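Chemist: here is the input, now give the coordinates:
(one chain, ligands or ions: 1)
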Amino acid sequence: MIYMDHNATTPVLPEARAAVMAALEEGWGNPSSSHMAGRRAKAIVDEARASVAEAANARPQQVTFTSGATEALNHVVWAAGPGRIIATAIEHPAVLAAVDNQPDRTIELAPVDRNGQVDVATLLDLVTTGERPVLVAVMAANNETGVIQPVGQIGQELAELGVPLLVDAVQYIGKLPIAFACDFLVATAHKLGGPKGVGCIVTDWELPPLIDGGGQERGHRGGTEPVPALAGFGAAMRWVSTHRMAESERLAELRDALIGGLTAGVPGLEVVGADAPRLPNTASLLLPDHAEPADVMAQLDAAGVCVSAGSACHAGSARPSRVLTAMGVPDHRAVRAMRLSLGHGSTAAHVAAVTELLVKACS
Ligand code: PLP
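Modeler: As a prediction, the model looks like this:
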């Protein structure tokens, strides 16, 4: 199998697997118990929190663990209170649907340009016109296109206006250092080599709990902590802090080789967001009109190559991606989207094999 769908999820790193297993063996106590078994479990949770904080350029006290990014984003949207929320047109459904489901919140979408970058001037116009927003949501990098958003600039402008900023850093934090300021930063373990079902909100704010219970997580989230999953999250984040820059350089070289080989071998292939800064691991492509996307996907699948038609959320549906539509890609082109995303297991041999297969499938 050749796995090129790391933006959907990543294989678990050996270090994370080892930490999960060790926590299952030794960290089975309840972290809230004051006896030895409880203290051992709490030490694991504390270590994980410190590792997540380091990778997020934050303090451990700022980290609230959640069941993943979807819960974290829902929580921030809900906690922002009733009122106006501004989001980019390319935010994840975990933000957009969370607003739609709250009758006392309204959402306005800031457009993106043809490269998939948010138009900062229009976003700020929306923020400063009309009722003051309770929250602005801008993802650090888009999961479908890999296009990086100007969150640093937006963070500075919003801080001056006193308007809180939520940054979905799910796709970004594993690849690039967090060098911007925001009020809420969200991440999830399974996109960076950790287990599924665990994520975090990084914030200084006091949040009303979305899940009431025994006051865990500074009172932000009730429920006994999933100690093994947190151990895996922490180990994956330690790997990220140590290897992020070197790994990103390696992936960018592989990604460039992949795109170079494909554009040379497949006439009419289009690279989405080609003129914008992008994550080092993501190649978002529009297949040429003569290639039938379903046939190409079937050929890759038969050869054991895992890629995504658009984002995982769109897999199985022929609807054009909302993100590509927001970028002005016409429907008949948007349904030809294919996303190849690399990660820690990707090699030059994978790139060569997938290039050859795709060139043949599109000929
Ligand atoms: N935000 C982005 C940008 C994502 O790519 C995803 C995962 O698809 C999520 C949020 C949701 O993360 P989780 O699977 O942890 O709920």
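
Chemist: contacts for stretch 92-107, please.
Modeler: For stretch 92-107, contacts defined as C-beta atoms under 8 Å, 6 or more residues apart in numbering pick out 69-70, 73-74, 77-78, 80, 82-87, 134, 137, 139, 143, 166, 168, 170, 313. All C-beta spots, glycine's among them, are computed from the backbone N, C-alpha and C.

Chemist: buried residues in that stretch?
Modeler: By 16 or more other C-beta atoms under 10 Å, the buried positions in stretch 92-107 come out as His92, Ala94, Val95, Leu96, Ala98, Val99, Gln102, Arg105, Ile107.

Chemist: quick one: is it near the ligand?
Modeler: Yes: counting by C-beta under 6 Å from any ligand atom, the ligand has neighbours in stretch 92-107: His92, Ala94.

Chemist: got it, and stretch 169-184?
Modeler: Yes: with C-beta under 6 Å from any ligand atom as the criterion, the ligand is reached by stretch 169-184 at Val170, Gln171.

Chemist: quick one: that stretch to chain centroid distance?
Modeler: 10 Å (C-alpha atoms, centre = their mean, to the nearest Å).

Chemist: now swap in stretch 154-169 and tell me
Modeler: On C-alpha atoms, centre = their mean, the centre of stretch 154-169 falls 18 Å from that of its chain.

Chemist: the longest helix belonging to the chain: what's the following helix or strand?
Modeler: In the chain, assigned by DSSP state H, the helix with the most residues is helix 227-265. As assigned by DSSP states H and E, the chain's next helix or strand after helix 227-265 is strand 270-271.

Chemist: about what we covered before: helices or strands next to the longest helix of the chain in the packing?
Modeler: When contacts are defined as 3 or more C-beta pairs under 8 Å, 6 or more residues apart in numbering; DSSP states H and E, helix 227-265 sits against helix 14-26, helix 36-55, strand 282-286, helix 348-361.

Chemist: most neighbours per residue, which of those?
Modeler: strand 282-286 (a mean of 25; mean count of other C-beta atoms under 10 Å).

Chemist: now do the end-to-end distance for stretch 299-309.
Modeler: End-to-end distance of stretch 299-309: 13 Å, with C-alpha to C-alpha, to the nearest Å as the criterion.

Chemist: what ranges do the strands span in the chain?
Modeler: In the chain, the strands defined using DSSP state E lie at 2-3, 63-66, 83-88, 105-110, 135-137, 165-168, 184-188, 199-203, 270-271, 282-286, 305-306, 337-341.
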